[in-house]
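Novice: Quick one, what's the 3D model for this:
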Amino acid sequence: MRIKHSLFTRRQFLNGLLGGWLGALAVSLLYPVFKFVFPPTREPDQVTLPFSDFKDMKPNTVENFPWGSKPGLIKKNDDGSYTAFVGVCTHLDCNVTYLPEQRKFFCACHDGWYDQDGIHIGGPPPRPLRRLNLSIEGEDLVIKREGVE
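Specialist: Next comes the predicted model:
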């Protein structure tokens, strides 16, 4: 049955429905590619944090800090020194956690393992965790990308 005063036909309606569905599919496929080519935020060259937030850490513990859009990890070693890492797996950028009882970093996405120094020891990650340069300057903890002076 056809309505006398319809704004569009059934064919126009179905074409619009199919076109909208194809447009949504194209956007959902191209959006990750666009975000990869044009990242929303750049990784910082340097982050300055108050050292007072980290000086009371116990040995073999890890604290998080913001490193751009990714988490950063500061680990206090047994000798009292500090080491900083970018807290994402080198396989697919999943967040890693530190397991102090095992002295290992773990990525739950694909069962990736790193030792306490960030060296890859198991699972699919191709490289060790990215290290960051860390220095204590007065009352500040200055964390820089490797290669930035």
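
Novice: what bridges to the most centrally placed residue in the chain?
Specialist: Residue closest to the mean C-alpha point of the chain, counted by C-alpha atoms, centre = their mean, is residue 70 at 3.9 Å. Beta-bridge partners of residue 70, counted by DSSP bridges, are residue 67.

Novice: On the three-state scheme, residue 74 is what?
Specialist: strand (DSSP: H, G, I helix; E, B strand; the rest coil).

Novice: OK, contacts around it?
Specialist: For residue 74, the residues meeting the contact criterion (C-beta atoms under 8 Å, 6 or more residues apart in numbering) are 54, 57, 62-65, 82-84, 134, 141, 143. (C-beta placed from N, C-alpha, C; glycine too.)

Novice: So which of the residues you listed belong to strands?
Specialist: Secondary structure of these is defined by DSSP state E; positions in strands are 62-65, 82-84, 134, 141, 143.

Novice: mind checking how far the residue nearest to the centre of the chain is from residue 85?
Specialist: Relative to residue 85, residue 70 is positioned 10 Å away (criterion: C-beta to C-beta, to the nearest Å).

Novice: Just the closest of the ones in strands among the contacts of residue 74 to residue 41, please.
Specialist: Each of the ones in strands among the contacts of residue 74 was checked against residue 41 using C-beta to C-beta; the closest is residue 65, at 15.6 Å.

Novice: for the residue lying closest to that closest one once chain neighbours are set aside, what are its contacts?
Specialist: Spatial nearest neighbour of residue 65, excluding adjacent residues (C-beta to C-beta, 6 or more residues apart in numbering): residue 72 at 4.6 Å. Applying C-beta under 8 Å, 6+ apart, one finds that residue 72 lies in contact with 47, 64-66, 84-87, 132, 143.
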